[in-house]
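Participant: sequence below, structure please.
(one chain, ligands or ions: 1)
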Amino acid sequence: MSAPHLRLGVNIDHAATVRNARGGAHPDPVRAALVAIAAGADGITAHLREDRRHIRDEDMARLKREISKPLNFEMAATDEMVAIALHTRPHASCLVPEKRSERTTEGGLDVVGGHDHLKLVAAELARAGVRVSLFIEPSLEALEAARSIGAPVVELHTGSWCDALFHGEAEKADHEFGRIRVAAARAAELGIECHAGHGLDFDTARKIAGLPQIVELNIGHFLIGEAIFVGMPEAIARMRAAMDEGRRQASR
Ligand code: PXP
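Facilitator: You can find the predicted model right below:
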């Protein structure tokens, strides 16, 4: 059986990080989004953080106005962000945990402890026609909670797997990948659409593309970094090729 198409969501936060380093308007993250789409991105992700360290309110408004592919608004489940999302009406909102002190989104949501609040937020966004995704750890417990919250989509946090590979911890990496494989299969059984992301590069994207239940990867930091060397269109073309190669192997 052939696996469904694997979408590539490009996260353009770090184009804004570079812009903000000098306080001007260059490089424009919306231009990065437009170039990414022209190069084959299936959607654009941007994370409006409470501290506005990269993406700013005006970026999100412009992304909504100017891009032709789905906008995935990554956000904490706070009153402030819900109000902005309801005003912006993105295609999707990915709810993520957020800590001011972290460098990046370090783990999945506490979907068990935050169950009731997340359920309210998910319902409010869904009523406005926004597709809600929950960024979760690849665990069966988190998936059960996501089902109970009523989320149509989950995004599995791939950071622990990618970190283990980076540190050369082969056994831990195998264990973490196993958790992702089991969680993706369970998501499909529960009728929840399964995405994945965090820390992915060409090799990890190729490998995870072999899991047929995963239908979208969201990739940011590596692509923006790679664009420094080969340009954004080439970085995205190479990522697309890696994903397609992994998918072909999955379909054999
Ligand atoms: N998906 C989610 C929910 C994230 O929070 C992030 C990081 O902002 C990503 C994907 C992309 O991670 P990376 O920048 O490491 O590719």
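
Participant: grab the nearest non-local neighbour of the spatially most central residue of the chain.
Facilitator: The centroid of the chain falls nearest to Asn218 when counting by Cα atoms, centre = their mean (3.7 Å). Closest residue in space to Asn218, ignoring its immediate chain neighbours: Gly197 at 3.6 Å, by Cβ to Cβ, 6 or more residues apart in numbering. In short, each C-beta sits where N, CA and C put it, glycine included.

Participant: before we move on, what about Pro138?
Facilitator: Distance criterion Cβ to Cβ, 6+ apart; nearest residue to Pro138, sequence neighbours excluded, is Ala183 at 3.7 Å.

Participant: and if you look at Arg62?
Facilitator: Nearest one to Arg62, counting by Cβ to Cβ, 6+ apart, is Val30 at 4.8 Å.

Participant: in this structure the one you found contacts Glu66, no?
Facilitator: Yes: using Cβ atoms under 8 Å, Val30 makes contact with Glu66 at a distance of 5.6 Å.

Participant: if we can go back for a sec, got phi/psi on the residue nearest to Asn218?
Facilitator: Backbone geometry at Gly197, expressed as degrees, to the nearest 10, gives phi 180, psi 160.

Participant: up against the ligand, what does this protein have?
Facilitator: Contact residues (Cβ under 6 Å from any ligand atom) of the chain with the ligand: 11, 13, 47, 74, 94, 96, 104-105, 135, 155, 197-200, 218-222.

Participant: run the last query once more with 5 Å
Facilitator: For the chain, the contact set with the ligand under Cβ under 5 Å from any ligand atom comprises 11, 47, 96, 105, 135, 197-199, 218-221.

Participant: name the residues of whichever strand or helix holds Glu234 that are buried.
Facilitator: Using DSSP states H and E, the element containing Glu234 is helix 232-251. Burial within helix 232-251, assessed by neighbour count using 16 or more other Cβ atoms under 10 Å, is assigned to 232, 235-236, 239-240, 242-243, 246-247, 250.

Participant: pLDDT wise, what is Asp51 at?
Facilitator: Here, the pLDDT recorded for Asp51 equals 93.

Participant: let me know the secondary structure of the nearest residue to it once chain neighbours are set aside.
Facilitator: Leaving aside its sequence neighbours, Asp51 sits nearest to Arg100 (Cβ to Cβ, 6+ apart; 6.0 Å). Following DSSP: H, G, I helix; E, B strand; the rest coil, the label given to Arg100 is coil.

Participant: start the count at 110, not 1, going forward
Facilitator: Right, with 110 as the first residue, what we last looked at is Arg209.

Participant: next, find the distance separating Arg209 from Thr154.
Facilitator: Using Cβ to Cβ, to the nearest Å, Arg209 is found at 21 Å from Thr154.
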